[in-house]
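> build me a structure from this.
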Amino acid sequence: ICGSAYRRIRCRKFYLGQRNIPAEIGTMENPPFRLHRLFPAIVLLCLTFPAAARPAQFESIDFDKTAEQYKRVEVRFQLKETYSNPFDPEEIDIWGYFRGPYGNTEKRPAFWYQHYNSDGVPDMKPEWRIRFSPTEVGRYDFYIVAEDRRVGVTTRYPLGETTLSFSASPSSSAGFVKKSAKNPRYFCFENDATFWGVGAGPVLNRDVIRNHAKFKLNWIQTEFTPAFLIEDRTVGRYNLFRAFQGDELLQEAENHGVYFQIVFSHWSSWKADMHTLPEELQQYERNLFPPWSENPYNLKNGGPLSHP
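Below you'll find the model as predicted:
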């Protein structure tokens, strides 16, 4: 009980051992106040109720101090608290807020990350990361907000109105691919140059990316889940090793100037009557994608859907 709580205390009749505590024990301003009689009750309450979970506390924060326009800036940090499911925003929800040179503010979500060595073994502690790509040249200020919904407390880093910052310099990049404002049937870069995507899919690995670059192809259509099994067969749980593999392939593609058209689902994983298709097609699909019977959203696998 905090000190201010002692200033005015009234309670009902307690029975501790053989001692009765009067119903009216007075106040600090209106003695008599027999604190030694109340002390056993305070100790009993402290021993009876477990300590509540602490709100998020930041530690070990690191980030890129400089970056090129349209390139990635990464913020890496740890929280002192641990969470049963760091992927669940109803448990812990973290966002980074970035203010650009001209005053516009954008926000990006934090994600739980694990790095692995070439043998697929974790080689560092898992940590939180936030990624952001500056679209303007100049200074960016940012801060992080973590909402620990277990205890209903929001924590800001840095505290108060202070911020962290990095500087973005000009780059030769044409920017991100987007829908053309001149003709919405076409894609273009940030500098309005037309993007012509030429390539194939859905198989994706390092050799495929490098072969695309070798033959001047710049586009791959690929399914990230369930093909990568990132969702780990359980809704709301994600396979960190699979996510790391996908992250490495994204970096490989960026290094070779290859773009992805990412598909987050595939029709055969949502088709309950696959048996009605030709056997050859059924086998082909099973070799690439888990069927509905293995879909994490299937009620039989703990998901919410009895039928796709």
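> and Gln283, which helix or strand is it part of?
For Gln283, the host element (DSSP states H and E) is helix 279-288.
> next, the buried residues of that helix.
Gln282, Glu285 (16 or more other Cβ atoms under 10 Å). Where you see a C-beta, it was placed from the backbone N, CA and C, and this is true even at glycine.
> so how far is it from its chain's centroid?
Centroid separation for helix 279-288 versus its chain: 34 Å, with Cα atoms, centre = their mean, to the nearest Å.
> which residues are in contact with it?
The contact list for helix 279-288, computed with Cβ atoms under 8 Å, 6 or more residues apart in numbering, reads Pro202, Ala227, His266, Ser268, Met274, His275, Leu277, Pro291.
> ends of stretch 282-293, what's the gap?
From the first residue to the last, stretch 282-293 extends over 13 Å; the measure is Cα to Cα, to the nearest Å.
> pLDDT (mean, whole number) over that stretch?
Averaged over stretch 282-293, pLDDT sits at 82.
> next one: that stretch to chain centre, how far?
Centroid separation for stretch 282-293 versus its chain: 29 Å, with Cα atoms, centre = their mean.
> next: stretch 190-208.
Put simply, stretch 190-208 sits 26 Å off its chain's centre (Cα atoms, centre = their mean).
> so for that stretch, mean pLDDT?
92.
> got the buried residues for that stretch?
By neighbour count on 16+ other Cβ under 10 Å, the buried set for stretch 190-208 is Phe195, Gly199, Pro202, Leu204, Val208.
> dig out what the first one forms beta bridges with.
Here Phe195 sits in beta bridges with Phe187, as judged by DSSP bridges.
> got the contact list for it?
Val177, Tyr186, Phe187, Cys188, Phe189, Tyr259.
> now the strands for the stretch 101-250 of the chain?
With strands called from DSSP state E, counting those that start in this stretch, the stretch 101-250 of the chain shows them at 105-113, 127-132, 138-148, 153-157, 164-169, 178-179, 187-188, 194-195, 199-200, 219-223.
> quick one: low-confidence ranges for this protein?
By pLDDT under 70, the low-scoring segments of the chain are 1-53, 225-228, 232.
> for it, longest helix please?
helix 240-255 (DSSP state H).
> after it, which helix or strand is next?
Note on helix 240-255: by DSSP H and E, the next helix or strand toward the C-terminus is strand 259-263.
> quick check: angle from that following strand to helix 240-255?
Comparing the axes of strand 259-263 and helix 240-255 via axes from the mean of the first three to the mean of the last three Cα atoms, to 10 degrees yields an angle of 150 degrees.
> quick thing: my sequence starts at 14, can you match it?
Okay, residue one is now 14; in that scheme the one you just asked about reads as strand 272-276.
> for strand 272-276, the distance to its chain's centre please.
Put simply, strand 272-276 sits 20 Å off its chain's centre (Cα atoms, centre = their mean).
> quick one: strands adjacent to it?
Sheet pairing of strand 272-276 (DSSP bridges) gives strand 232-236 (parallel).
> pull the partner strand out as PDB, backbone CA atoms only.
As requested, the backbone C-alpha atoms of strand 232-236 are provided in PDB (Å, rounded to 0.1, in the frame of the first residue of the first chain):
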ATOM      1  CA  TRP A 232       9.700 -10.300 -60.900                       C
ATOM      2  CA  ILE A 233       8.700 -13.500 -59.000                       C
ATOM      3  CA  GLN A 234       5.200 -14.400 -57.900                       C
ATOM      4  CA  THR A 235       5.400 -16.500 -54.700                       C
ATOM      5  CA  GLU A 236       3.200 -17.800 -51.800                       C
END
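> what does that strand contact?
Contact with strand 232-236 is made by 210-217, 221-222, 225, 266, 271-279, 302, as judged by Cβ under 8 Å, 6+ apart.
> let's see 7 Å
210-215, 217, 221, 225, 271-276, 279 (Cβ atoms under 7 Å, 6 or more residues apart in numbering).
> which pair in these spans the largest distance?
Spanning the widest gap among the contacts of strand 232-236 are Val211 and His279, at 22.5 Å by Cβ to Cβ.
> circling back: filter the contacts of Phe208 to the buried ones?
For the contacts of Phe208, a neighbour count by 16+ other Cβ under 10 Å gives the buried set as Phe200, Cys201, Phe202, Tyr272.
> determine which two of those residues are furthest apart.
The most widely separated members of the buried ones among the contacts of Phe208, counting by Cβ to Cβ, are Cys201 and Tyr272 (12.6 Å).
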